[in-house]
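1. Sequence plus the predicted model coming up.
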Number of protein chains: 2
Amino acid sequence: MTEGGTEAPARVLVVDDEESITQLVSTVLRYEGFAVQTAADGTAAVKAARTFRPDLVVLDVMLPDLDGFEVYRRIEGASARLPVLFLTARDSTEDRVHGLTLGADDYMGKPFSLEELVARVRAVLRRTRGDAEASGVVRYDDLELNEDAREVRRGDRVVELTPTEYNLLHYLLTNAGRVLSKAQILDHVWRYDFNGDSSVVETYISYLRKKIDRGDEVALIQTVRGFGYSIRRPRGR
Amino acid sequence: MTEGGTEAPARVLVVDDEESITQLVSTVLRYEGFAVQTAADGTAAVKAARTFRPDLVVLDVMLPDLDGFEVYRRIEGASARLPVLFLTARDSTEDRVHGLTLGADDYMGKPFSLEELVARVRAVLRRTRGDAEASGVVRYDDLELNEDAREVRRGDRVVELTPTEYNLLHYLLTNAGRVLSKAQILDHVWRYDFNGDSSVVETYISYLRKKIDRGDEVALIQTVRGFGYSIRRPRGR
DNA sequence: GCGGGCTCTCAGCCAATTCTCAGCCGCGGT
DNA sequence: ACCGCGGCTGAGAATTGGCTGAGAGCCCGC
């Protein structure tokens, strides 16, 4: 599930003053096949935008020197239409961002989950680059998840999911056929500061099953005892 | 199944204060074709990281001076992106390691089995070096083991295995054609602190046979009386 | 400030797995 | 052909892992 084989990888500039964040984010995005560069403050960011010529900037609103919006303005001047994904502390200031990010492409509160981060990065690039191939629909068997509509269907029945359920299903579905450990799931789907044990995962799997593998339908969510879970058709035995 | 013939061997730095562990781990990794260096505490580790320039660090979280995470941070500074495989006591500290099953890093609880250790070391290096050759599928005759899906097939029949059965088969399969003694098998597949006798191996071989060499199929699991076992086609006699 | 939905923890239950052991089988040597 | 040792396997006890219902805390919208 890395970026399309032949095309040049999309370039992402990650700007945050906390090193743990740039570290985490750049690791994940590189792993997902993007070319990543980081900057720790506003001036460095503006400079990097000029030299690195990213396709997308992931930009913290709170920076030691210039604030995120200022950086945004200066970067905008340089490049015609450079999409931005803002990171904001998940608190009061969030509303402030509402108005100001209208021009921007998206924003998300910290702490976020990596699953969500990657999904949004992809979504923004899909929109601005007009990558047709990536339609934003993930499917396995008669189970379908539409990212644009944020809608899930089993057969022709629409399934109502809570945010966590949705993220979990999204992760499982984009890795259909592969077995994912509870630790992996926790690290991808839950916020990076989550610090409980992996039994939540069991609980949410249980919730998902009630909604997705109901009654007479074929069970698609499989437990692989001792390892983890996987989305796949039941195995003959 | 040592490292690819022509390429330089990958370099691994092993850090643990218990000598029995560094001893054990480095012996096995050397045997598997890696270049290994060891360090017994944090400061030595940081120093070794600079001079030895490893491709991967196997790092105990509990160290006498700096803790593993601190070492991680300092090492990170030195080299661009140096992947780490953490070793944690299989208890409380395990939660502190969150965020490591994505991208380049991973962790495993002590006590572990060598089979698993080697598998993870390989997996991490495969990710960062992009070694295509290692696809994660091991095959012998019509018997196939897929690491991603944790799935085993005999012909086109899917075989359901428990964790221990899976690990055992994995070990046999990656050493197909070679005769492995019960002692070797015990040392590789079972946790290093296991101390029962080797009759468990017999039991598990028996389980595997029931699932893999059934009925009219050619028996691939061979007993070599007085020595051990081997995966191979039956010999003419 | 109330109610409802969402998230997470926990404990009891059930099922799968692991390991031990004992008796039997059969290979290989004489 | 027989013996003895090594290996095979069934049964069962102990342990572990996973599922789910109940409920507490939290946040959000009204």
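-> The structure has been received and is ready for your questions.
2. Then residue A:25 would be within a strand, right?
-> No - applying DSSP: H, G, I helix; E, B strand; the rest coil, one finds residue A:25 to be helix, outside a strand.
3. How about it: what's its closest non-neighbour residue?
-> residue A:14 (5.1 Å; C-beta to C-beta, 6 or more residues apart in numbering or on different chains). Where you see a C-beta, it was placed from the backbone N, CA and C, and this is true even at glycine.
4. any idea of the pLDDT on the one you found?
-> Confidence at residue A:14, expressed as pLDDT, is 97.
5. can you check residue A:131 too?
-> For residue A:131, the predicted pLDDT is 63.
6. Repeat that for the one 3 residues further on.
-> The pLDDT attached to residue A:134 in the predicted structure is 66.
7. re earlier: quick one: which helix or strand includes the residue nearest to residue A:25?
-> strand A:11-15 (DSSP states H and E).
8. which other residues reach that strand?
-> Outside strand A:11-15, the residues that touch it by C-beta atoms under 8 Å, 6 or more residues apart in numbering or on different chains are A:22, A:25-26, A:29, A:34-42, A:44-45, A:48-49, A:52-60, A:63, A:68, A:71, A:121.
9. Counting neighbours, what do you get for the residue of chain A found nearest DNA strand C?
-> Proximity of chain A to DNA strand C (C-beta to the nearest atom of the strand) peaks at residue A:196, 2.4 Å away. Residues near residue A:196, counting by other C-beta atoms under 10 Å in any protein chain shown, number 10.
10. phi, psi of it?
-> phi -120, psi -170 (degrees, to the nearest 10).
11. What pLDDT does the model give it?
-> According to the model, residue A:196 scores 89 on pLDDT.
12. Can you say which of the contacts of strand A:11-15 are buried?
-> Buried members of the contacts of strand A:11-15, scored by 16 or more other C-beta atoms under 10 Å in any protein chain shown, are A:22, A:25-26, A:29, A:34-42, A:44-45, A:48-49, A:52, A:54-60, A:63, A:68, A:71, A:121.
13. Which ones among those residues map onto strands?
-> A:35, A:36, A:37, A:38, A:39, A:56, A:57, A:58, A:59, A:60 (DSSP state E).
14. give the contact list for the residue nearest to the last one when sequence neighbours are not counted.
-> The spatial neighbour of residue A:60 that comes closest, neighbours along the chain excluded (C-beta to C-beta, 6+ apart), is residue A:16 at 4.1 Å. Listed by C-beta under 8 Å, 6+ apart, the contact set of residue A:16 reads A:22, A:25, A:38, A:40, A:58, A:60, A:63, A:87.
15. how about 7 Å then?
-> A:22, A:60, A:87 (C-beta atoms under 7 Å, 6 or more residues apart in numbering or on different chains).
16. for residue A:84, same thing?
-> A:57, A:59, A:72, A:104, A:105.
17. again, but for residue A:213
-> Contacts of residue A:213 (C-beta under 7 Å, 6+ apart): A:219, A:220, A:221.
18. Same question for residue A:176.
-> A:140, A:231, A:232.
19. neighbours around residue A:23, how many?
-> Residue A:23 has 17 nearby residues by other C-beta under 10 Å.
20. interface residues of chain A facing DNA strand C?
-> A:162-165, A:190-191, A:194, A:196-197, A:199-200, A:203, A:225-226 (C-beta under 7 Å from any atom of the strand).
21. run the last query once more with 6 Å
-> Of all the residues in chain A, those in contact range of DNA strand C (C-beta under 6 Å from any atom of the strand) are A:162-165, A:190, A:194, A:196-197, A:199-200, A:203, A:225-226.
22. Just the ones of those in helices?
-> A:163, A:164, A:165, A:199, A:200, A:203 (DSSP state H).
23. Of those residues, select the buried ones using a ChimeraX command.
-> To isolate the buried ones among these in ChimeraX, judged by 16+ other C-beta under 10 Å, type:
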select /A:164,165,200
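24. Which of the ones in helices among the residues of chain A next to DNA strand C sits closest to residue B:152?
-> Within those, proximity to residue B:152 (C-beta to C-beta) peaks at residue A:199, which comes in at 28.2 Å.
25. if I look at the closest one, how far off is residue A:57?
-> 38 Å (C-beta to C-beta, to the nearest Å).
26. try residue A:163
-> Counting by C-beta to C-beta - residue A:163 and residue A:57 are separated by 25 Å.
27. Residue A:85 too?
-> 7 Å.
28. again, but for residue A:193
-> Residue A:193 is 23 Å from residue A:57, by C-beta to C-beta.
29. Tell me, how many residues neighbour the closest residue to residue A:53 other than its chain neighbours?
-> By the measure of C-beta to C-beta, 6+ apart, the closest residue to residue A:53 outside its immediate chain neighbours is residue A:11, 6.8 Å from it. Using other C-beta under 10 Å, residue A:11 has 15 other residues around it.
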